[in-house]
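Student: Show me how the following folds:
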Amino acid sequence: AIRETVGMYEMSSYAKIRVKGSDAMDFLQLVCANDVNVEPGKMVYTQWLNYKGGIEADVTVTRLEADDYLIVSGTMCLNRDMHWLKKNMPENANCSLFDATSSEGCIAVMGPNSRDLLQSLTDADMSNESFPFANVRDIEIGMANVRAHRITYVGELGWELYFPIEFSIYVAELIESKGEEFSLRQIGMHTVDSCRIEKAYRHFGHDITDEDHVIDAGLGFAVKLQKVPSKFGKLIGFDAVESKKALGYEMRLMQFLLNNSELMLYHNEPILKNGEIIGHLSSGTFSHTLGAAVGLGYVPCLPNESHEDILNAEYTIEVEGVIEKTKVSLRSMYDPLNEKIKVPVYFANFVLMDYGLGAVFGCPAHDQRDLDFAKKYNLKVIPVVTPDKNDLNFNIKNEAYTGPGFIFNSSFLNGLKCPDESINKTIEYLEQN
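Tutor: Numbers count the residues shown, from 1 in each chain. Next up is the predicted model:
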């Protein structure tokens, strides 16, 4: 259901911690590896690190107001997370924290049809332009005031819906009754676990723990060493991450897909590299999307060892005493470019194509400048369709795929002030033609 239509599952038991006060941001900048000094209404995925760079928590942090944050963590992590926050809160910090788990219910609505389903239940604009990924909006669903978080743990378009706990049954029944039109199915945690392993999403307690370095876990993208330090100092674990980045990986968390589709993986199955046991699976399940059992596990590597060298080895998994062949990957085998979750914004180099509605720029990403440009202007990216890569006149409805591109509308072009001369020249051409 989640991969093809839409599914809903209950998340009310997930830990919810509120941090409020004038020092809330500075306190969380100290504890969080990522930069949580964002605008209200934004979400941040982050880890909390110890002084060795190990992962003490794996959470999302939402800035509800300037001095009010919501932390969402796993059901079993509430006491641990509260203890870590209390332990590391400076004595002079002007903020407080409290357990808000029982005050709100939460239902996740995930899948390709999730936007259409929710749009049928609310007057709020749920489009990508109005409601981008990792954003939060207050909406109404029937008589309920709902705070919608656009995020996912299953690798699909979707939202987590938070509402006063007393509205739980009302919201659930409303979604379920309307969902029949969109092929809605109720799903459970085994489905969520299968989807998240397909997507190579880490699970705290299995794939990541306080003994696993955040860099080895492949989560360095969520650590912002260059963020403005908190008034209480640099983020906890700063030195450990900085030194690890200089030295290079010692381990890599990889994804494994069995060749034999008749077998099942759970976790702890031995991993063999060139016939020698070098580790074990930290997670395992059956992937209905990939067509066989899939798992995650750490593999030792040399500092600065190339991806090619790591992947060129022969990997096998011991399943029930039998050595089984497996495919391996350093990134998700399912939707590695996150095209199903959010509109990609990492393509550029500006090849002009005009299809009457505006302008589209295609070709692979060139450098960080292109990435920054796309993010800065929140450009929408779509498949660029053309029968001939050199033909600027093409039908967007064709199915011949040549690459992604940016859609620019006229109001964007008129208001754009960009320092890059090549982009300015392209925009000038568009405005004249």
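
Student: element containing the nearest residue to residue 238 once chain neighbours are set aside, please.
Tutor: Distances taken as Cβ to Cβ, 6 or more residues apart in numbering place residue 225 nearest to residue 238, at 6.4 Å, with adjacent residues excluded. In this view, the C-beta of every residue, glycine as well, is placed from N, C-alpha and C. Secondary structure from DSSP states H and E places residue 225 outside every helix and strand.

Student: Tell me how many other residues crowd residue 225.
Tutor: Close neighbours of residue 225, defined as other Cβ atoms under 10 Å, add up to 15.

Student: before we move on, what about residue 145?
Tutor: Neighbour number of residue 145 under other Cβ under 10 Å is 12.

Student: A strand includes it, no?
Tutor: Yes. Counting by DSSP: H, G, I helix; E, B strand; the rest coil, residue 145 is part of a strand.

Student: Apart from its chain neighbours, what residue comes closest to residue 184?
Tutor: Take residue 184 and drop its neighbours on the chain: the residue closest to it by Cβ to Cβ, 6+ apart is residue 6, 5.1 Å away.

Student: what about the helices in the stretch 51-200 of the chain?
Tutor: 78-88, 114-119, 168-179, 189-198 (DSSP state H, counting those that start in this stretch).

Student: and the residue nearest to residue 238, what is it in contact with?
Tutor: Residue 225 makes contact with 235, 238, 241-242, 245, according to Cβ atoms under 8 Å, 6 or more residues apart in numbering.

Student: TSV please, covering the helices of the stretch 51-200 of the chain and showing distance to residue 31.
Tutor: Shown next, in TSV, are the helices of the stretch 51-200 of the chain (distance: least, Cβ to Cβ, whole Å):
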stretch	distance to residue 31
helix 78-88	6
helix 114-119	32
helix 168-179	30
helix 189-198	24
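
Student: Next one, pLDDT for the residue nearest the centre of the chain please.
Tutor: Geometric centre of the chain, nearest residue: residue 152, 6.5 Å, by Cα atoms, centre = their mean. As predicted, residue 152 sits at a pLDDT of 97.

Student: One more: residue 305?
Tutor: At residue 305, pLDDT is 87.

Student: Could you look up the SS state of it?
Tutor: At residue 305 the chain is in coil, as set by three-state DSSP.

Student: That one is in contact with residue 249, isn't it?
Tutor: Yes. Counting by Cβ atoms under 8 Å, residue 249 is a contact partner of residue 305 at 7.3 Å.

Student: any low-confidence regions in this protein?
Tutor: 343-433 (pLDDT under 70).

Student: follow-up on the earlier one: residue 305 and residue 249: which is more packed in?
Tutor: For residue 305 and residue 249, the more surrounded residue by other Cβ under 10 Å is residue 249, and the numbers stand at 21 against 13.

Student: thinking again about what came up before, if you skip the residues just before and after it, what's nearest to the residue nearest to the centre of the chain?
Tutor: residue 158 (4.9 Å).

Student: give me the number of residues near the one you found?
Tutor: Counted with other Cβ under 10 Å, residue 158 comes out at 26.

Student: i'd like the first residue to be 505 from this point on
Tutor: Noted, 505 is the first residue going forward, which turns the last one into residue 662.

Student: quick one: it from residue 688, how far?
Tutor: 12 Å (Cβ to Cβ, to the nearest Å).

Student: cool, and residue 773?
Tutor: Separation of residue 773 from residue 688 (Cβ to Cβ): 35 Å.

Student: returning to that earlier point: would you mind saying which of the helices of the stretch 555-704 of the chain lies nearest residue 611?
Tutor: Nearest of the helices of the stretch 555-704 of the chain to residue 611, taken as Cβ to Cβ: helix 672-683 at 6.0 Å.

Student: who touches that closest one?
Tutor: The contact list for helix 672-683, computed with Cβ under 8 Å, 6+ apart, reads 510, 512, 514, 516, 609, 611, 613, 621, 624-625, 645-648, 650, 665, 667, 688, 690.

Student: try 10 Å this time
Tutor: 505, 509-512, 514, 516, 608-611, 613, 617-618, 621-622, 624-625, 645-648, 650, 665-668, 671, 686, 688-690 (Cβ atoms under 10 Å, 6 or more residues apart in numbering).

Student: so how far is that helix from its chain's centroid?
Tutor: Counting by Cα atoms, centre = their mean, to the nearest Å, helix 672-683 is centred 26 Å from the centre of its parent chain.

Student: So which bits of it are buried?
Tutor: Buried residues in helix 672-683, counted by 16 or more other Cβ atoms under 10 Å: 672, 674-676, 678-679, 682-683.

Student: Give the bridge partners for the residue nearest to residue 656, please.
Tutor: Per DSSP bridges, the residues bridged to residue 662 are residue 614.

Student: For it, give its distance to residue 511.
Tutor: 9 Å.

Student: got it, and residue 533?
Tutor: Taking Cβ to Cβ, one finds residue 533 at 35 Å from residue 511.

Student: more crowded one of those two?
Tutor: Between residue 533 and residue 511, residue 511 has the larger neighbour count (other Cβ under 10 Å), namely 27 against 24.

Student: pretty sure residue 638 is touching residue 538, no?
Tutor: No. Between residue 638 and residue 538 there is no contact under Cβ atoms under 10 Å: 11.2 Å.

Student: Pretty sure residue 846 sits in a strand.
Tutor: No. Using three-state DSSP, the assignment for residue 846 is coil, not a strand.

Student: That concludes my questions; thank you for your assistance.
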